[in-house]
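Asks: Build me a model:
(one chain, ligands or ions: 2)
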Amino acid sequence: MVEDVTPIRQQYLEIKRQYPNAILFFRLGDFYETFDQDAEIAARELDIVLTGRNVARGTRVPMAGIPFHAVDNYLSRLIDKGYHVAICEQVGDQPQKGLFPREVVRVVTPGTVVEPELLHGDANNYLASLVTQENRAGVAYVDITTGEFAATELAGEDLENVLRAELSRLNPAEILLPEGQGTGNGLPGQVTRRPAWHFELGRCRETLLRHFEAASLDGYGLHGMPLATRAAGAILDYLEDTQPSAAGLLDRLSTYQLSEFMLLDAPTRRNLELTETLRGDLHGSLLGVLDKTVTPMGRRSIRQWVNKPLLDIDAIRRRQAGVEILWADGLLRASVRASLRPLADLERLIGRVQSGHASPRDLVAIRATLRCLPGIRAALGQALEPLTEGIGEISPLAAELALLEQAVDDDPPATLQNSGVIRAGFSSELDGVVEASRHAREWIAALESVERSRTGIKTLKVGYNKVFGYYIEISRGSADQAPAEYIRKQTLVNAERFITPEMKEYEALVLNAEDRIREIESRLFREICERLASSGQIFLRTARALGDLDVLAALAEAAALGNYVRPELVEEPLLEIREGRHPVVETSLAGERFVPNEAVFEAGEIVRIITGPNMSGKSTFLRQVALIVLMAQMGSFVPAKSARIGVVDRIFTRIGAQDEIHAGQSTFMVEMIETSNILHHASERSLLVLDEIGRGTSTYDGLSIAWAVVEFIHNHPRLRARTLFATHYHELTQLASLLPGVRNYNVAVSEAEGRVVFLHKIVPGGADRSYGIHVAQLAGLPRQVVLRANEILQTLEASSGHATHNRPIAAQQMALFPETNPLIDELRELDVNTLSPLEALNKLYEWQQKYLK
Ligand code: ADP
Ligand code: MG
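Replies: Ligands and ions are numbered 1, 2, ... in the order given. Have a look, this model is predicted:
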């Protein structure tokens, strides 16, 4: 019965109706309360007490509350678990019909959080949106904490892969999709479905035009990009629903083309361990080595640089020039980095100022950062101008700094709930109230002694209580001496209490002053924020330029520490890396020296086949070449003696992670899918890194596939991409004599005094032995086993009359242990419990191929 429920319950239900998909945090006094199903979820997920509340006679509903001051912690836990939270506040300060008006001020979702506690300082927090139609797609993304807002449109038969690559680069926290649109599985981030009509072109165009107060979208680069327009419009639409104050921060939208950046698909990003290792750590990744940044802007920026290597040689050279200036002059670098180090997160701070979330201490942090700018410009001195060409202008923001100096106290309280935010001398109105309040306090403080000497009453005291406020107390014996203007207020056993009108006036001054001060300070604070916000774009440009400067200095520092060189970039598809090193492995070798290797492709060379024993350094070499190319195109120096690199449009890797199993697919299936992707999409300007293709299946299958893949790359007119191919199939070395663009290399091994040492040196020619037994020894197999294996190997080699490497492995096993059946052995070793049905099928197929032929 609706008439029966309490008014506040009615209010709650009305608001909840508008937010059916979010948990509603309903502000009641010092708590956010949740009700009904929301309360059950909150109690379960947050481990808080589930209570109840009467909402009508005899009706109780579940309720769970959290204290408002601890909301961030609870919010982050719900957001992490995939919930959206609508925050409903009490608005206005007058109850209407006994009830405070309330409204939802924002809906917190993974892509729209702004609380510093809920954000990672090191990475952007993106909200993305994706619309697809036939073979085209629009992608837009926004980081509402930094104001970055961009859109692009993708097309082509490779759409699915390109799309996934782009989304894996962005790694959004949340991704908006139209209801009913396929794709959604396996996308990074949390998927939020929005009604399809929110993505309609007309509506989106209007949303954008209204938002930017523009007459046309052409100036935003959206001309002829209907899907990008739809994706961008849908984002704005969502923000207006969830986080209206954030939308205001977005006063720019840039469009971009994927063709500006090197394309790196998700497996390649993973395999090359660009921003995290396969285990998920920053340490051990490329970013881990290069990230010598000292500011939060720089940390986000360098991650973007690693994720988006450039294709435009001029743009790359501009970055290189900046790195070079800071690399060549160690003192300059040290002083620039030292002057950057104290900077706060200017980009996000100004974002909070613009969206109205800034606290007094945020302004102090902005001021402290602005104070550093002259020092940074001075430290750069002559170098400033050549650097800003690559990174944009660092404005001194002098007027804004002056305002903050004048206006904001040195050590303000954390929130506007307390006074003391605004510096004395900034506002005469405020100073007047503060002065009057101070005067009134002093007057009251002096009152006791003034009145004692005026009246001559020794027992006269001034006191304070909640009921009467200030009063004058005189002991019973002296009460009749009280002056005529004293007004009697209360009679106690031993004393009388009085007040005077003048005293009450001062009291009112003191008591009201605190409220008045807070009120004036809040108003002034808002005005200051508005003035700062009006320079928002200059702040953001400066913050980004500082971030990029930090990246240049970090790359220079990494280059100096790692002894890197500046690579030369050219348009022709060359690859000439001399004495290259793996940037990560070389730092992790304790005591041992990393052996540098050449990767110099001769004219006409297309595929380089590298054979060599396990653990000799093949995979390291392959990754090292890919990483050096990528570093070169992000503008970094590279670990080599010299490098000349033809710009690479796309790096493809197929690196056998031995036991990686995706969504029920067998390793071999994944391997073949990735290989097929490479063969379909690589171009002459690509770099292919193929490690142990065909390993996931039986010897003959694997060998045949590997062979055919090399032939295809070599012969296909569209392909002919620079290719590094590591393999343990020695048979493949025969290809060099059949195909003119194939070269053989192997990893050198020294066999002094019967001991095998891997030299990690890649040298021309094919390998002649596999040294499997040596590796078995390294791995700690019992000595008897190793010795016996050596004996058997010798017998085999002697009896076959030629080197072992041409003998198929299965055949060896057959001959060696005729009394056992290899199929039975394999069956015995199979762990059926961990096998997926698909893997089991693959296994059967493999055996059929292997043993029934
Ligand atoms: P493979 O792929 O041939 O099995 P890896 O590339 O995995 O061999 O290398 C095995 C180990 O050898 C690496 O973990 C590394 O410690 C070491 N290593 C590889 N290349 C070098 C090198 N150039 N210099 C020194 N050590 C190396
Ligand atoms: Mg390997």
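Asks: and the closest residue to Phe498 other than its chain neighbours, how many neighbours?
Replies: What sits nearest to Phe498 in space, not counting adjacent residues and going by Cβ to Cβ, 6 or more residues apart in numbering, is Tyr486, at 3.9 Å. Where C-beta positions appear, they are placed from N, C-alpha and C, glycine not excepted. The burial count assigned to Tyr486 is 19, neighbours taken as other Cβ atoms under 10 Å.
Asks: How about Lys641?
Replies: 14.
Asks: quick one, what contacts Tyr471?
Replies: 462-465, 489-490, 497-499 (Cβ atoms under 8 Å, 6 or more residues apart in numbering).
Asks: Now the buried members of those residues.
Replies: 462, 497-499 (16 or more other Cβ atoms under 10 Å).
Asks: Could you check how far the residue in the chain sticking out farthest from the centre is from Ile474?
Replies: Here the chain reaches farthest from its C-alpha mean at Asp480, the gap being 77.4 Å by Cα atoms, centre = their mean. Distance of Asp480 to Ile474, given as Cβ to Cβ, to the nearest Å: 9 Å.
Asks: thinking again about what came up before, quick one: which of the contacts of Tyr471 is nearest Pro7?
Replies: Checking these against Pro7 by Cβ to Cβ gives Asn465 as the nearest, at 35.7 Å.
Asks: Nearest spatial neighbour of that closest one, chain-adjacent residues omitted?
Replies: Tyr471 (7.4 Å).
Asks: Tell me the helix or strand right after the helix or strand where the one you found lies.
Replies: Per DSSP states H and E, Tyr471 falls inside strand 469-475. Remark: after strand 469-475, the chain's next helix or strand is strand 487-491, criterion DSSP H and E.
Asks: Can I get that following strand in PDB, CA atoms only?
Replies: C-alpha atoms of strand 487-491 as PDB (Å, rounded to 0.1, in the frame of the first residue of the first chain):
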ATOM      1  CA  ILE A 487      19.300  40.200  33.600                       C
ATOM      2  CA  ARG A 488      18.800  37.300  35.900                       C
ATOM      3  CA  LYS A 489      18.500  34.000  34.000                       C
ATOM      4  CA  GLN A 490      18.900  31.100  36.400                       C
ATOM      5  CA  THR A 491      19.000  30.500  40.200                       C
END
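Asks: helices and strands around the next helix or strand after that strand, which ones?
Replies: The element immediately downstream of strand 487-491 (helix or strand, assigned by DSSP H and E) is strand 495-499. Helices and strands touching strand 495-499, by 3 or more Cβ pairs under 8 Å, 6 or more residues apart in numbering; DSSP states H and E, are strand 469-475, strand 487-491.
Asks: who in the stretch 151-300 of the chain is up against ligand 1?
Replies: Within the stretch 151-300 of the chain, no position is near ligand 1 by Cβ under 6 Å from any ligand atom.
Asks: now the helices: where do they sit in the stretch 151-300 of the chain?
Replies: 159-170, 201-212, 226-242, 244-247, 266-271, 286-290, 296-307 (DSSP state H, counting those that start in this stretch).
Asks: Who are the contact partners of Asn715?
Replies: Counted by Cβ under 8 Å, 6+ apart, Asn715 has contacts Leu739.
Asks: can you do 7 Å?
Replies: By Cβ atoms under 7 Å, 6 or more residues apart in numbering, no residues touch Asn715.
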